[in-house]
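Chemist: I would like the atomic coordinates for the input below:
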Amino acid sequence: MNVKDKLPFGAVTNTSHPNGRESWRIFGIMAEFVEATERLNAIRPAVSIFGSARIEQDHPYYALTERIARLLSDAGFAVISGGGPGIMEAANKGAFLGKSPSVGLNIQLPLEQQANAYQDISQSFQHFFARKFMFVKCASAYVVMPGGFGTLDELLEAMTLVQTRKSRQIPIILVHGAFWRGLLDWFRDRLVTEKMISPEDLDLIQVIDEPEGVVDAIFKHFETRGFMPLPEEHEIMLNL
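Modeler: Predicted structure coming up:
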């Protein structure tokens, strides 16, 4: 039996079928990219901070994130977070109280994510991939706090883009080494040992516990050049 025999009559070729309207969603996706690019293009230099939405305000990770974001903001970096609660809120709050813009890239979810109150610029997205694109496009560095599946997704995508040279090489900093130790050990014991990645791929990431150390590492990376993408890097980012 051919797979077409399993489909409703006309479903494959009939564009009047409700599924045919999916192609028109492309225009909505394009509009989302255009609007976000126009609003965020001037937000440079910026640091994207990722982390769990489930952290309460009295958790040590919250205070740690707020401190890092405040230092980055006072040092002249806009801070970009996911715009929601937990560590995202802490990142926005630290930046909001500092000297540079606090940016929230909010995602519309079936279980609605509440935007936090500490955003100078708030941009809403329907699509995760458009939101993730802006995290990468605007960032001069990634700071990754403890988090769950979403945080791991953002971390691994950032590492993949830099590893494959689809994005420029920028600092990827994991904060709170005790949280990340098991994952990093697994990277070495399994991915490197079984040749899934090269040993030098682990050099893409740094583990830093002190807020001041995070800021210093970002400045050190860029000490021989400016924060803005070089012409060849700009061309790479156009094809992200």
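
Chemist: in which helix or strand does Ala178 reside?
Modeler: Secondary structure from DSSP states H and E places Ala178 in helix 177-186.

Chemist: what packs against that helix?
Modeler: Taking 3 or more CB pairs under 8 Å, 6 or more residues apart in numbering; DSSP states H and E as contact, the helices and strands that helix 177-186 lies on are strand 205-208. No exception for glycine: its C-beta is placed from N, CA and C like everyone else's.

Chemist: now the strand it packs on: average pLDDT?
Modeler: The average pLDDT within strand 205-208 is 98.

Chemist: check stretch 27-42 too.
Modeler: Stretch 27-42 shows an average pLDDT of 82 in the prediction.

Chemist: which positions within it qualify as buried?
Modeler: 32-33, 36, 40 (16 or more other CB atoms under 10 Å).

Chemist: do stretch 96-112 as well
Modeler: In stretch 96-112, counting by 16+ other CB under 10 Å, buried: 96, 98, 100-107.

Chemist: export the residues you listed to TSV and tack on pLDDT, distance to Ser23 and secondary structure?
Modeler: Output for these, formatted as TSV (pLDDT from 0 to 100; distance: CB to CB, whole Å; DSSP: H, G, I helix; E, B strand; the rest coil):
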residue	pLDDT	distance to Ser23	secondary structure
Phe96	98	40	helix
Gly98	97	44	coil
Ser100	97	41	coil
Pro101	96	36	coil
Ser102	97	37	strand
Val103	96	32	strand
Gly104	95	31	strand
Leu105	93	26	strand
Asn106	89	27	strand
Ile107	84	23	strand
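
Chemist: which of the residues you listed sit farthest apart?
Modeler: The distance between the two most remote of the buried residues of stretch 96-112 (CB to CB) is 24.1 Å, for Gly98 and Ile107.

Chemist: low pLDDT regions in the protein?
Modeler: Along the chain, segments meeting pLDDT under 70 span 1-20, 110-113, 229-240.

Chemist: quick one, strands of it?
Modeler: 46-50, 78-81, 102-107, 121-125, 141-144, 172-175, 205-208 (DSSP state E).
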